[in-house]
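Q: Here is my input; please provide its structure:
(one chain, ligands or ions: 1)
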Amino acid sequence: MKKIRLGVNIDHVATVRNARGEKYPSPLKAALLAEKYGANSVTIHLREDRRHIREEDLRSIKSRLKIPLNLEIAATKEMLKIALKHKPPFICIVPEKRKEITTEGGLNLNFNKLFLKKIIYKLKKNKSRVSLFIEPNEKDIRKAKLLNVDCIEIHTGKFCNLVNDNKNFKNELDKIKKSVALANKIGLEVHAGHGLTYASAKILSKTIGIKEFNIGHFLIGESIFVGLASCIKQFKRIIK
Ligand code: PXP
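A: Sure thing, here's the model as predicted:
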């Protein structure tokens, strides 16, 4: 069976940098080290409020990274313009609220459908692989297919919270499994992300049909204790 790819999200290297307004720790350095230690792609989320990653990070990482860069953006005119300009190989469209601490759920695919369709068309024409970050449910998967994306990324936040709290996660895991099966059946590549730790990644890696995990907060936090190399290697062992 093919290994699940590991996308390393380095937003929180930028969070630490910005906390002191210094130039370090450098997201570019983190991206290049993640590549060296076996990441299959590097993810950055350029938020509208620039709370972590900035456009200069996008520029420098895109120009030096040899593995694919996965840019997460909200569906806005500003982000579309930036994505078209920098042309990252992978793009994931995510919902964004100014006051949220993190991306709290999947996209609302009933909202602004025409604009979403236009963005997806333009990004694909510009040769980026386009993914939509959605909740694990049938309706959204079918809507994503109609929007003509290449892949979907399933928001695993609820499942991961249940695992972290030692609660029964069976229903949530079943929802994810059903969603993965349906998406694969209708020709969508499936990724998963949000809140993943060693424990939740291990459980989810047994779900057949998921091609890519995108992991950030836990991975960067754990790297403080064990180093980026060890942490990436441990995740790769777990999800293989
Ligand atoms: N995937 C997507 C689409 C995200 O927006 C994020 C960050 O919110 C992640 C994965 C990574 O989540 P985390 O930092 O919780 O691992």
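Q: quick one, phi psi at the closest residue to L69 other than its chain neighbours?
A: Leaving aside its sequence neighbours, L69 sits nearest to P88 (C-beta to C-beta, 6 or more residues apart in numbering; 4.5 Å). For every residue, glycine as well, the C-beta is placed using N, CA and C. Backbone torsions of P88, given as degrees, to the nearest 10, read phi -70, psi 150.
Q: Then G105?
A: Per degrees, to the nearest 10, the backbone of G105 is at phi -160, psi -170.
Q: how close does it get to H52?
A: From G105 over to H52 the distance is 19 Å, taken as C-beta to C-beta, to the nearest Å.
Q: can you check H217 too?
A: For H217, the distance to H52 - C-beta to C-beta - is 11 Å.
Q: now swap in S131 and tell me
A: 20 Å.
Q: Between these two, which has more neighbouring residues?
A: S131 (26 against 22; other C-beta atoms under 10 Å).
Q: ok so the more buried one is a strand residue?
A: Yes - assessed with DSSP: H, G, I helix; E, B strand; the rest coil, S131 lies in a strand.
Q: what's near enough to touch it?
A: Neighbour list for S131: 90-93, 149-153, 189, 191 [criterion: C-beta atoms under 8 Å, 6 or more residues apart in numbering].
Q: Go again with 10 Å.
A: 70, 72, 90-94, 120, 144, 149-153, 188-191, 212, 214 (C-beta atoms under 10 Å, 6 or more residues apart in numbering).
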